[in-house]
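K.L.:
Starting from these lines, generate the structure:
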Amino acid sequence: MPTSLPSWSRWLLAFIAALLVGTLLGSLVQTQFNLLAIQSMGFPVPLDVRLVTSAQDLLFFGPVFAALFGGSFLVSQPVALLINRWLSPLWHPLLCALGAALGLAVTLKLVDALAPMPTLIAATRSASGTLALLACAALAGWLFARWRPYRSTQPVRSPLATSAVLVLVGALCLLPDPSSASESADYRIETVAQDLEHPWSVAFLPEGGLLVTERPGRLRHIDAQGHLHAPISGIPEVYAQGQSGLFDVLLAQDFEHSHRLYLSYACGTHSANHTCLARARWQDSALREVEEIFRTRPAKIASAHFGGRLAWLDDGTLVMTLGDGFDYREQAQNVSNHLGGTVRLTPDGSVPADNPFRSQTGAAPELYTLGHRNVQGLFFDATSGTLFSHEHGPKGGDELNILAPGENYGWPAVTHGLDYTGARVSPYTQWPGIRPPLWHWAPSIAPSGLTRYTGTLFPEWEGSLLVGGLASRQVHRLTFTDGVITEQEPLFGELKARIRDVRVGPDGAVYLLTDSPEGKVLRVTPD
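P.N.:
Next up is the predicted model:
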């Protein structure tokens, strides 16, 4: 370092230079591990694409990694220098390197424990990726030890503290204005039931009234007079933690006679869990003859991305949506398991004879479609025979799709979304043989709940898709013209509530579930 500069300036320059080297190398490592995963799924990455993606990640992921690494570096290096005072100068570079690696390791563990997703930085999903990032940190620590003013007999002074690099990380999503409301229809919103703990799904009973699931594992009956009854007993054991819990409730097609219903839910433990499907008979405020008829494989770790929506097709088969388990996203391109797919079953849970992958050697016979991230919206339009779905992207890239048997929807090799850190999940937004989305959102709205309006109370909404938004805190009305979505209108933003489910009732009213510890069932009718 130039000797003409003041001592504190040389400390600062050494720190910043080492931090920049560690950030640059860490960003390149993250990109290469992501691209390696894309290649492993059969999608080639030529050199020009690799270079462009690396530059994009350096621009958008680099500041996030600099903030994480910089914070740990600012703590680890003074500690290493303090220990250096009692050791030979020969140990200084090694201690600074070890301190930087250890500091980053602790930071990554802490961030993963505090963040809602299981793993924030995708490269750290594998031991080799984690070690590569720690090696970048170690190199930065070694360089700092070599570049700093070398005065082992003097204490480390306060100017080192002035070397903190303050990085402002932008919000993950730019949320639309939640106060916006529809201009095309006047309506009123009334509360049907309240004080529900994270209600997830609603089903309409033939005699009037509703069944509502609560994610912690309760099924509630709201009768035709609006009375909320005590939880129905006999629910199968539910794993409820994070995003997991009790999900959808679907009435059997012959419910009036059989009183059978279907429940999707997370089962197992934190270290080995699945998305499960059970059917049961509802009688006298209890579920009887409860039997699990499907369980995803393989088991996965952590409590993210289960899917869980259910819908009947016109041939009497049932489709259930699933998730990729977050840390297992590459498995969404693997037909030998259920992660990141949808499945099609008969009412007793067996495999339909015409399932698209049934005759393929090694494929999961229940699989209906693949290439999904976390599908939490599903609606079968009996009039057109169209099965609509939507799924969560990461940072942007939420998708609305039309599901067709055997189709691949691309995740994670083809996506409009970014990792939550700003890193590219994939360089590709389209690919031959990958079915493109009908619509996608950027920034993310975190879609949950999906229906098509077919009632009579709001004729101007006829044929529109209604999509609930958790992050956007509103419902999105999508209008079609000649089969193409031409308009998106925000609805019910004045609620300022996370919308978990949206349905059209037999009365033509729109029913909403708000996702909170004091969730509500709301009914929307014309004013």
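
K.L.:
Just the buried residues of stretch 373-389, please?
P.N.:
Residues R373, N374, V375, Q376, G377, L378, F379, F380, D381, L387, F388, S389 are the ones in stretch 373-389 that count as buried (16 or more other CB atoms under 10 Å). For every residue, glycine as well, the C-beta is placed using N, CA and C.

K.L.:
Tell me the pLDDT of the last one.
P.N.:
Right, S389. pLDDT for S389: 98.

K.L.:
Then the fifth one?
P.N.:
Listed pLDDT for G377 reads 98.

K.L.:
Now for the closest residue in space to it that isn't next to it in sequence, how many residues are close by?
P.N.:
With CB to CB, 6 or more residues apart in numbering as the criterion, G377 has its nearest non-adjacent residue at 3.2 Å, and that residue is L450. Counted with other CB atoms under 10 Å, residues neighbouring L450 total 24.

K.L.:
part of a helix, is L450?
P.N.:
No - L450 is assigned strand when assessed by DSSP: H, G, I helix; E, B strand; the rest coil, not a helix.

K.L.:
what would the buried residues of stretch 373-389 look like in JSON lines with distance to R260 and secondary structure?
P.N.:
Below are these laid out as JSON lines (distance: CB to CB, whole Å; DSSP: H, G, I helix; E, B strand; the rest coil):
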{"residue": "R373", "distance to R260": "31", "secondary structure": "coil"}
{"residue": "N374", "distance to R260": "28", "secondary structure": "strand"}
{"residue": "V375", "distance to R260": "24", "secondary structure": "strand"}
{"residue": "Q376", "distance to R260": "24", "secondary structure": "strand"}
{"residue": "G377", "distance to R260": "24", "secondary structure": "strand"}
{"residue": "L378", "distance to R260": "20", "secondary structure": "strand"}
{"residue": "F379", "distance to R260": "21", "secondary structure": "strand"}
{"residue": "F380", "distance to R260": "19", "secondary structure": "strand"}
{"residue": "D381", "distance to R260": "24", "secondary structure": "strand"}
{"residue": "L387", "distance to R260": "22", "secondary structure": "strand"}
{"residue": "F388", "distance to R260": "25", "secondary structure": "strand"}
{"residue": "S389", "distance to R260": "24", "secondary structure": "strand"}
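
K.L.:
As JSON lines, those with distance to P118 would be great.
P.N.:
Shown next, in JSON lines, are the buried residues of stretch 373-389 (distance: CB to CB, whole Å):
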{"residue": "R373", "distance to P118": "14"}
{"residue": "N374", "distance to P118": "13"}
{"residue": "V375", "distance to P118": "18"}
{"residue": "Q376", "distance to P118": "18"}
{"residue": "G377", "distance to P118": "22"}
{"residue": "L378", "distance to P118": "24"}
{"residue": "F379", "distance to P118": "29"}
{"residue": "F380", "distance to P118": "32"}
{"residue": "D381", "distance to P118": "35"}
{"residue": "L387", "distance to P118": "30"}
{"residue": "F388", "distance to P118": "29"}
{"residue": "S389", "distance to P118": "24"}
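
K.L.:
Work out the gap between stretch 403-413 and the centre of the chain.
P.N.:
The chain centroid and the centroid of stretch 403-413 are separated by 17 Å, computed with CA atoms, centre = their mean, to the nearest Å.

K.L.:
Span of it from start to end?
P.N.:
Stretch 403-413 has an end-to-end distance of 18 Å (criterion: CA to CA, to the nearest Å).

K.L.:
Just the buried positions in it, please.
P.N.:
L403, P405, E407, N408, Y409, G410, W411, P412, A413.

K.L.:
and the longest helix belonging to the chain, how far out from the chain's middle?
P.N.:
Looking across the chain with DSSP state H, the single longest helix is helix 7-40. Centroid separation between helix 7-40 and its chain, computed with CA atoms, centre = their mean, is 27 Å.

K.L.:
moving C-terminal of it, what's the next helix or strand?
P.N.:
helix 47-60 (DSSP states H and E).

K.L.:
what packs against that following helix?
P.N.:
Counting contacts by 3 or more CB pairs under 8 Å, 6 or more residues apart in numbering; DSSP states H and E, helix 47-60 packs against helix 7-40.

K.L.:
hmm, back to that, let me know the closest of the buried residues of stretch 373-389 to H257.
P.N.:
The closest of the buried residues of stretch 373-389 to H257 turns out to be F380 (CB to CB; 21.7 Å).

K.L.:
mind listing what that closest one touches?
P.N.:
F380 makes contact with A311, W312, L313, D314, V319, T386, L387, F388, according to CB atoms under 8 Å, 6 or more residues apart in numbering.

K.L.:
want to throw these into JSON lines with distance to H274 and secondary structure?
P.N.:
Shown next, in JSON lines, are these (distance: CB to CB, whole Å; three-state DSSP):
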{"residue": "A311", "distance to H274": "20", "secondary structure": "strand"}
{"residue": "W312", "distance to H274": "22", "secondary structure": "strand"}
{"residue": "L313", "distance to H274": "23", "secondary structure": "coil"}
{"residue": "D314", "distance to H274": "28", "secondary structure": "coil"}
{"residue": "V319", "distance to H274": "17", "secondary structure": "strand"}
{"residue": "T386", "distance to H274": "29", "secondary structure": "strand"}
{"residue": "L387", "distance to H274": "23", "secondary structure": "strand"}
{"residue": "F388", "distance to H274": "25", "secondary structure": "strand"}
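
K.L.:
List the contacts of D381.
P.N.:
L387, F388, R452.

K.L.:
Apart from its neighbours in sequence, what residue is nearest G242?
P.N.:
S303 (3.2 Å).

K.L.:
err, S233, not the other one
P.N.:
A286 (4.5 Å).

K.L.:
Dig out what the one you found forms beta bridges with.
P.N.:
Listed by DSSP bridges, the beta-bridge partners for A286 are S233, Q283.

K.L.:
now H440
P.N.:
E399.

K.L.:
Next one: it from G325, what distance?
P.N.:
As for H440, its distance to G325 is 22 Å (criterion: CB to CB, to the nearest Å).

K.L.:
Now do the phi/psi pair for G455.
P.N.:
phi -90, psi -170 (degrees, to the nearest 10).

K.L.:
For A423, give me its contacts.
P.N.:
By CB under 8 Å, 6+ apart, the neighbours of A423 are Q30, T31, N34, D57, F60, F61, I121, A122.
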